[in-house]
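Student: show me the folded form of this:
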Amino acid sequence: GAAGGNGGTGGAGGTANATATTTATGSSTPADATATGGVGGDGGAAGAGGSPGAGGVGGIGAASATYNNPAETNPVGVTATATGGAGGVSSGAGGIAGAGAVELNQTSVSATSGSGNVTVTATQIGGAGGTGSSSANAGQGGLSVLTTAVQGFTTGIINLIQSAVGGGGGTTDTTGAPGVGGNAVSAIVQKASGGASQYNVTVDATGGAGGTNGTFGIGGGTADVSATIGGTAIVNLTANATGGQGGDGGTGGLAGNGTDTLASPLSPTVVGTSTSGDVTVSTTQTGGAGGTNTGAGTAGNGGIALAQNIVAGDTSGTLNLIQNAIGGAGGIAGTGGNGGLGGTATSNLAFSNNDPSLLNVTVSATGGKGGTNGTFGIGGGISGIASVSAHIGNTNGNPLNVTADATGGQGGDGGTGGLAGNGT
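Tutor: Modelled structure (predicted):
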C-alpha cells in the first residue's frame with residue numbers, strides 16, 4: 001500500500017470448469033471430471049497508519065460428467081468432483097483473509113445405460129478459508145450446497161452417491177481470530193426411471209472443520225441431509241450428516257467444540273418408497289468431534305447429536321427403518337491439559353404404516369467418547385449420555401419388529417500413572 005494508505009483487496013480466484021461427456025463403450029469409468037477453483041489473491045500491505053487489505057475470495061470450481069449409451073450392457077461408473085478455491089492471505093492487525101469459495105450446485109453427474117449397472121458419484125467441497133498472519137483474522141470456510149446432483153438410468157442397478165463438504169476455516173496467529181468452518185447441505189429427490197431393478201442411494205453432508213489461531217479454536221460448520229427416493233423394485237437409501245470438527249487449541253487456550261447435529265423436522269426428511277420392492281431407509285446423525293489441544297489447555301467437547309422422526313418409508317414388501325444418533329468424540333489434549341467431553345446422543349422415532357408385509361425398525365443412540373490428555377481420561381459425563389424412544393405401530397396384523405438401543409459414551413483413555421475415564 002502507499003504511504004499512509006490502506007492496502008488493496010486481493011482479487012478473486014479464477015473459476016475452474018471441467019466437463020466430461022461421452023457415449024463410448026469399452027471402459028468401466030468412461031467419464032470423470034475434476035475442477036478446483038483458484039486461490040484468492042493476497043491483500044495488500046498497509047502503508048504507514050493505514051489498514052492491511054483483505055484477502056480475495058476463492059474461485060468457484062465446477063465439474064460435470066455425463067455418460068449416455070442406451071445400448072450399454074456392462075457396469076459403468078461416472079464421477080465429478082468440484083472444490084472451491086481457498087481464500088487469499090491477509091497480513092496485519094485489522095486485516096481479514098479471504099473466504100473460501102461458496103459452492104452452490106456446481107457439480108452434476110448423469111449416466112444412462114441399457115441394462116448395465118451404473119454408479120454415479122458427485123462430490124462438492126467448499127473452499128478453505130484464507131490464512132491470516134501478524135494478527136489478521138482468518139477467512140471462513142465456504143458453504144457447500146448440493147441438490148439432486150446425481151442421476152442414473154438403466155434397467156439394471158442404479159448406485160447414486162452424493163456428498164457435500166463444507167470448507168475448512170482458515171488459520172491465523174495468536175492474536176487473530178480463526179475462521180469458522182463452512183456449512184454443508186446435501187439433498188436429493190429422485191423417482192424411478194427406466195425400470196431400474198434396484199436403487200442404492202447414499203447422501204452425505206459434512207461440516208467443515210473450524211480454524212485455529214494456535215491458542216483458541218473455533219467451531220466447525222453445520223451439516224444437513226435430506227432425501228426422497230422412489231422406485232418400483234428394491235430401494236436402499238442411506239443419509240448421513242456429520243457436524244464439523246472444532247478447531248485446535250494450544251497451551252492456555254481452548255479448542256473449539258464439535259458442531260451439534262440437530263435434526264428434528266416437522267415431517268420426515270429421509271424417505272424411501274417402492275410399489276412392491278423391499279425398502280431400507282437409514283440415517284446417522286453424528287456430532288462433530290471436539291478440537292485437539294496441542295498443549296496444556298482444554299480440548300473441545302464433542303457435538304450433540306439429535307435424530308427425531310427423520311426416517312419414513314412405504315411399500316407392500318418389507319420396510320426397514322434405521323435411525324442412529326452418535327455424539328461427537330471429546331477432543332484430545334496435551335500433557336497437563338484437559339480432554340473434552342463426549343457429546344450427548346438422542347434418537348426418537350414415531351412411525352405407523354399398514355402397507356408393509358413386514359416392518360423392521362431400529363432406533364439407536366450412542367454417546368460420544370470422552371477425551372484424554374494422554375495420562376488421564378475424562379468420562380463421557382453428562383455429555384456422553386444416550387437416550388432412545390420408539391413408538392411404532394400398524395393395525396393390519398402383519399409382523400412388526402422394533403429394536404431400541406442406547407449406549408453410553410466410552411470413557412477417555414488413560415496413560416502410565418494415570419486413570420482412564422469412566423464410561424457413561
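Student: which residue ranges of the chain form helices?
Tutor: Here the chain has no helices by DSSP state H.
Student: where does it have low pLDDT?
Tutor: The chain contains residues with pLDDT under 70 at 1-4, 192-194, 375-384, 411-424.
Student: check contacts around the residue nearest to the spatial centre of it.
Tutor: Taking C-alpha atoms, centre = their mean, the centroid of the chain lies closest to T206, which sits 0.9 Å from it. Applying C-beta atoms under 8 Å, 6 or more residues apart in numbering, one finds that T206 lies in contact with 163-166, 184, 223, 241-242, 244. Yep, even glycine has a C-beta here, placed from its N, CA and C like the rest.
Student: 10 Å instead, please
Tutor: 125, 144, 163-166, 181, 184, 186, 220-221, 223, 225, 240-245, 286, 288 (C-beta atoms under 10 Å, 6 or more residues apart in numbering).
Student: for A187, same thing?
Tutor: By C-beta under 10 Å, 6+ apart, the residues touching A187 are 145-149, 162, 164, 203, 205, 224-228, 239, 269.
Student: about what we covered before: the residue nearest to the centre of the chain and V279, how far apart?
Tutor: According to C-beta to C-beta, to the nearest Å, T206 stands 26 Å off from V279.
Student: chain center to stretch 283-291: distance?
Tutor: Offset of stretch 283-291 from its chain centre (C-alpha atoms, centre = their mean, to the nearest Å): 9 Å.
Student: measure that stretch end to end?
Tutor: Start to finish, the residues bounding stretch 283-291 are 25 Å apart (C-alpha to C-alpha, to the nearest Å).
Student: show me what counts as buried in it.
Tutor: Going by neighbour count (16 or more other C-beta atoms under 10 Å), the buried part of stretch 283-291 is 283-291.
Student: same check on stretch 38-56?
Tutor: Buried, per 16+ other C-beta under 10 Å, within stretch 38-56: 38-46, 50-56.
Student: do the same with stretch 352-363
Tutor: 353, 356, 359-363.
Student: same list (those) but as CSV, adding distance to T403.
Tutor: As requested, the buried residues of stretch 352-363 are exported to CSV (distance: C-beta to C-beta, whole Å):
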residue, distance to T403
N353, 17
P356, 16
L359, 12
N360, 8
V361, 7
T362, 5
V363, 7
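Student: grab the two from those residues that are most spread out in space.
Tutor: P356 and V363 (16.8 Å; C-beta to C-beta).
Student: so S133 sits against G92, correct?
Tutor: Yes. With contact defined as C-beta atoms under 10 Å, S133 and G92 form a contacting pair (7.9 Å).
Student: got any residues that touch both of the two?
Tutor: With C-beta under 10 Å, 6+ apart as the test, S133 and G92 both reach 52, 176.
Student: between those two, which has more neighbouring residues?
Tutor: When S133 and G92 are compared for neighbours, G92 comes out ahead with 21 against 17, by other C-beta atoms under 10 Å.
Student: so what does the closest residue to that one other than its chain neighbours have for phi and psi?
Tutor: Leaving aside its sequence neighbours, G92 sits nearest to P52 (C-beta to C-beta, 6 or more residues apart in numbering; 3.6 Å). Main-chain dihedrals, P52, degrees, to the nearest 10: phi -70, psi 150.
Student: next up, the contacts around the residue nearest to G220 when sequence neighbours are not counted.
Tutor: In this structure, G220 finds its nearest non-sequential neighbour in G244, 1.9 Å apart by C-beta to C-beta, 6+ apart. Applying C-beta under 10 Å, 6+ apart, we find G244 in contact with 141, 165-169, 180-184, 206-210, 218-223, 256, 258-259, 261, 287-289, 291, 303, 328.
Student: re the thing from before, isn't the residue nearest to G92 up against G176?
Tutor: No. Taking contacts as C-beta under 10 Å, P52 lies outside contact range of G176: 11.3 Å.
Student: between the two, which contacts overlap?
Tutor: Shared contacts of P52 and G176, counting by C-beta under 10 Å, 6+ apart, come down to 90-96, 132-136.
Student: can you say which of these are buried?
Tutor: Among these, the ones that count as buried by 16+ other C-beta under 10 Å are 90-92, 94-96, 132-133, 135-136.
Student: so which of those comes closest to G409?
Tutor: The closest of these, once distances to G409 are taken by C-beta to C-beta, is G132, at 35.1 Å.
Student: would you agree the closest one is in contact with G214?
Tutor: No. Distance between G132 and G214: 11.2 Å, which falls outside the contact criterion (C-beta under 10 Å).
Student: name the residues contacting each of those two.
Tutor: What both G132 and G214 touch, as defined by C-beta under 10 Å, 6+ apart, is the set 171-173, 175-176, 178.
Student: could you pull out the strands for the stretch 151-300 of the chain?
Tutor: Along the stretch 151-300 of the chain, counting by DSSP state E, counting those that start in this stretch, strands occupy 157-165, 184-190, 198-206, 223-231, 234-242, 261-263, 270-274, 279-286.
Student: got the CA coordinates for the second one in CSV?
Tutor: Translated: strand 184-190. This file holds the C-alpha atoms of strand 184-190, laid out as CSV (Å, rounded to 0.1, in the frame of the first residue of the first chain):
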residue,chain,number,x,y,z
ALA,A,184,-22.8,-28.4,4.1
VAL,A,185,-26.2,-29.2,2.7
SER,A,186,-26.9,-32.3,0.6
ALA,A,187,-30.4,-33.0,-0.7
ILE,A,188,-31.8,-35.3,-3.4
VAL,A,189,-35.1,-36.1,-4.9
GLN,A,190,-35.2,-39.0,-7.4
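Student: now do it: distance to the chain's middle.
Tutor: For strand 184-190, the distance to the chain centre is 12 Å (C-alpha atoms, centre = their mean).
Student: for the last one, same thing?
Tutor: Its chain's C-alpha centre lies 14 Å from the corresponding centre of strand 279-286 when counted by C-alpha atoms, centre = their mean.
Student: how big is the angle separating it from strand 223-231?
Tutor: With axes from the mean of the first three to the mean of the last three C-alpha atoms, to 10 degrees applied, the angle from strand 279-286 to strand 223-231 works out at 180 degrees.
Student: and the first one, by the same measure?
Tutor: For strand 157-165 against strand 223-231, the angle between stretch directions is 170 degrees (the same axes, to 10 degrees).
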